[in-house]
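Asks: predicted model, plus sequence, below.
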Amino acid sequence: MSRLDQINGPADIRRIPVAEWGALASEIRRFLISHCAESGGHLASNLGVVELTMAMYLSFCPPEDKIIWDVGHQSYTHKILSGRKKDFAGLRQFGGIAGFPKRNENPCDAFNTGHSSTSISAGLGMATARDLRGEHHAVISVIGDGALTGGMAYEALNNAGRMKSNFIIVLNDNRMSISENVGGMSAYLNSIRTSAGYNRLKENVAEALSAIPGLGKRMVESLRTTKNGIKQLFVPGMLFENLGVTYLGPVDGHDIKKMMRVFEEARRLNRAVLVHVITEKGKGYRPAERHPDLFHGVGPFELATGVPKKNKHYPDYTDVFSKTLIQLAAEDSRIVAVTAAMPEGTGLAAFGRRYPQRYFDVGIAEQHAVTSAAGLAAGGMKPVVAVYSSFLQRGFDQVLHDVCIQNLPVVFAIDRAGLVGADGETHQGVFDLSYLGCIPNMTILAPKNCWELEEELRFAFSYGGPIAIRYPRGQAYRGLGEHREPIRFGKAELLFREEKTALLALGSMVSTAEHVREKLKALGQPCTLVNMRFAKPIDRELLAELAETHQNFVTLEENVLRGGFGLEVAEWASSQEKELSVTHIALPDAYVEHGDVSVLRQHLGIDSDSIVRVLRDKYHW
Ligand SMILES: Cc1ncc(C[n+]2csc(CCOP(=O)(O)OP(=O)(O)O)c2C)c(N)n1
Ligand SMILES: CC(=O)[C@@H](O)[C@H](O)COP(=O)(O)O
Ligand SMILES: [Mg+2]
């Protein structure tokens with residue numbers, strides 16, 4: 001029986017002899033690598049935290065002790081050690097276990113995560129709840145150096161100094177966000193790491209002092225926590241110390257015994273303690289060690305080489321955005337671009353290489369990204385914020401307060417709008433029409449295909465006010481290329497005109513509506529098809545014209561119904577003299593779990609077959 005097979009619950013690792021910890025770590029790595037080669041996942045981050053997770057399971061007792069994983073993409077070893085290895089075949093698949101911690105999946109998952117930089121706030125709250133309830137378990141927040149660039153982490157650290165009881169923050173520093181980490185904090189951590197030799201010297205001094213019988217330990221403790229200058233000699237992380245958070249480290253995050261010693265020390269302190277752990281992202285798999293960015297999140301790949309199994313034949317929307325932006329930037333030197341730590345995912349990396357002076361990676365800081373773009377616009381530039389739909393949720397007030405009230409010309413290139421698949425409920429981009437649509441001065445477009453995205457981007461930079469273009473994850477649609485009605489503000493594009501029934505589709509749903517139309521035509525029910533193009537403002541003029549010959553309107557959008565454009569069409573219809581029927585195809589008032597996008601579409605009834613069924617039932621066709 002392998003050591004890994006002996007792990008079926010959180011206490012099992014303690015039965016593995018110390019001498020076999022290294023072998024267990026290797027087995028976990030082999031398991032993670034072969035699983036991700038087959039099914040994809042967040043490989044590099046997970047390979048980096050194998051020993052760290054083992055050390056935590058050896059030092060603490062989940063589920064009684066609470067471990068909160070920031071972002072949660074690195075929680076695979078945690079899932080294995082808590083007894084979920086057997087469920088990995090279904091990892092990130094519909095009905096299977098999630099790629100992130102989920103409280104309803106296992107008691108060891110103390111807090112749901114997915115978006116970055118929440119763990120210290122959540123941990124602080126949980127530690128405070130523990131104290132108020134008179135409980136005594138440990139609370140440990142594990143945050144990466146990338147996640148530490150997010151504003152919430154600082155808000156929480158600013159508060160953590162007040163703790164008079166134990167709260168442990170483990171800073172997993174691998175010098176990488178998805179891409180190379182950026183900013184002053186990253187440089188500060190780097191300076192701590194590079195002085196590690198000096199720190200080791202100090203550790204040795206501390207160890208020697210600790211060895212003095214009776215007095216030693218207390219001397220070291222008081223030197224560590226005292227507020228005078230001697231502390232500087234012993235404590236490298238002064239920034240954290242000055243915030244009132246005891247700093248321990250840096251410690252080798254691949255040395256289990258060393259980490260356990262530091263955790264033991266951290267556990268004894270009645271205050272917030274930050275343990276700085278140095279790890280290597282991708283450790284144990286050569287291709288991932290060499291290219292941790294490419295192996296951050298992967299699809300299936302060849303185990304021997306790391307080469308992706310699926311070759312990309314056609315560009316996705318991200319590629320179209322990336323290429324078009326570079327072209328537009330060549331024509332207008334005022335165009336600048338901002339990303340919140342997603343240069344590759346949003347396609348801005350190529351722009352950054354071409355125009356380094358006009359490109360800003362601000363770290364995992366969506367709020368700051370939006371307001372700094374507002375500042376750029378106020379200063380006379382034409383900024384684009386390229387951001388995933390679900391991550392822009394973070395910047396709602398900044399969009400409203402800093403961009404839209406001042407009606408500033410900021411372009412929002414919203415990628416991953418619609419269902420994203422395996423990342424699940426935290427990452428589905430199904431709220432942006434709702435949270436942007438309610439903001440005065442905001443204009444929202446969605447392209448039906450790759451060419452329209454190019455045209456919409458061109459339009460957006462010439463528009464002169466806040467404007468968002470939303471497009472989905474994955475391959476850009478290349479159908480309907482013959483329909484190229486020029487973009488005009490607030491105008492939809494009439495693709496096929498019939499009578500009686502009009503399909504009003506937005507963005508990704510135009511191609512679905514095209515299939516619906518073909519299927520209904522075959523059933524003897526030809527329909528009009530409109531590419532709505534603008535979710536805000538909707539083209540009421542065209543709707544009024546269609547109302548003369550149409551009875552039934554069907555709205556189609558990949559967004560929750562509430563706040564989407566469909567309800568606005570319903571509101572318009574209810575104000576018409578003629579009685580009109582409106583059917584909505586949209587997402588429900590619920591969170592959509594992980595799974596393949598095509599499976600999710602069927603499950604949610606937004607695939608063409610389900611839509612045809614709904615319409616046939618409703619209209620008795
Ligand atoms: C609010 C938010 N923005 C962006 C992301 C995308 N994202 C996921 S992991 C990650 C990098 C995290 O870096 P780090 O915390 O250092 O973890 P590592 O992968 O290096 O272990 C980013 C930018 C996110 N999950 N949440
Ligand atoms: C964990 C996280 O938030 C990102 O790594 C995300 O999974 C990236 O998604 P894409 O694969 O769509 O770029
Ligand atoms: Mg990192």
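Replies: Noted; the coordinates are in hand. Numbering: from 1, shown residues only. Ligands and ions are numbered 1, 2, ... in the order given.

Asks: so who does Ala89 touch?
Replies: Gly96 (C-beta atoms under 8 Å, 6 or more residues apart in numbering). To be clear about C-beta, it is placed using only N, CA and C from the backbone, and glycine gets the same treatment.

Asks: what packs against the strand of greatest length in the chain?
Replies: Criterion DSSP state E: the longest strand present in the chain is strand 550-560. In terms of contacts (3 or more C-beta pairs under 8 Å, 6 or more residues apart in numbering; DSSP states H and E), strand 550-560 is packed against helix 432-437, strand 500-505, helix 509-522, helix 565-574, strand 581-587, helix 608-619.

Asks: quick check on Ile444: phi, psi?
Replies: The phi/psi pair for Ile444 (degrees, to the nearest 10) reads phi -130, psi 130.

Asks: any idea how far it is from Phe100?
Replies: 28 Å (C-beta to C-beta, to the nearest Å).

Asks: would TSV of the helices and strands packed on strand 550-560 with distance to Phe60 be doable?
Replies: Putting the helices and strands packed on strand 550-560 into TSV (distance: least, C-beta to C-beta, whole Å) gives the following:
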stretch	distance to Phe60
helix 432-437	38
strand 500-505	52
helix 509-522	47
helix 565-574	48
strand 581-587	39
helix 608-619	47
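
Asks: so Leu171 sits against Val273, correct?
Replies: No. The criterion here is C-beta atoms under 8 Å, and Leu171 misses it with Val273 at 10.7 Å.

Asks: need the overlap of contacts for the two.
Replies: Going by C-beta under 8 Å, 6+ apart, no residue sits against Leu171 while also sitting against Val273.

Asks: number of residues surrounding Ile405?
Replies: 14 (other C-beta atoms under 10 Å).

Asks: check the secondary structure at the closest residue to it other than its chain neighbours for me.
Replies: In space, not counting the residues next to it along the chain, Ile405 is nearest to Asn441; the distance is 7.5 Å by C-beta to C-beta, 6 or more residues apart in numbering. State at Asn441, reduced to three classes by DSSP: H, G, I helix; E, B strand; the rest coil: coil.

Asks: which residue does the stretch 351-500 of the chain bring closest to ligand 3?
Replies: Among all residues of the stretch 351-500 of the chain, Ile364 sits closest to ligand 3, at 10.2 Å; criterion: C-beta to the ion.

Asks: confidence score at that residue?
Replies: Each residue has a pLDDT score; the one for Ile364 is 98.

Asks: enumerate the residues of the chain near ligand 2.
Replies: The chain comes close to ligand 2 at residues His42, Val71, His73, Ile178, His296, Gly297, Gly345, Arg416, Val420, Asp423, Arg473, as judged by C-beta under 6 Å from any ligand atom.

Asks: surely Cys36 meets Val298?
Replies: Yes. Applying C-beta under 8 Å, one finds Cys36 in contact with Val298, separated by 5.9 Å.

Asks: who has more neighbours, those two?
Replies: Cys36 (27 against 20).

Asks: tell me which element that one falls in.
Replies: helix 21-39 (DSSP states H and E).
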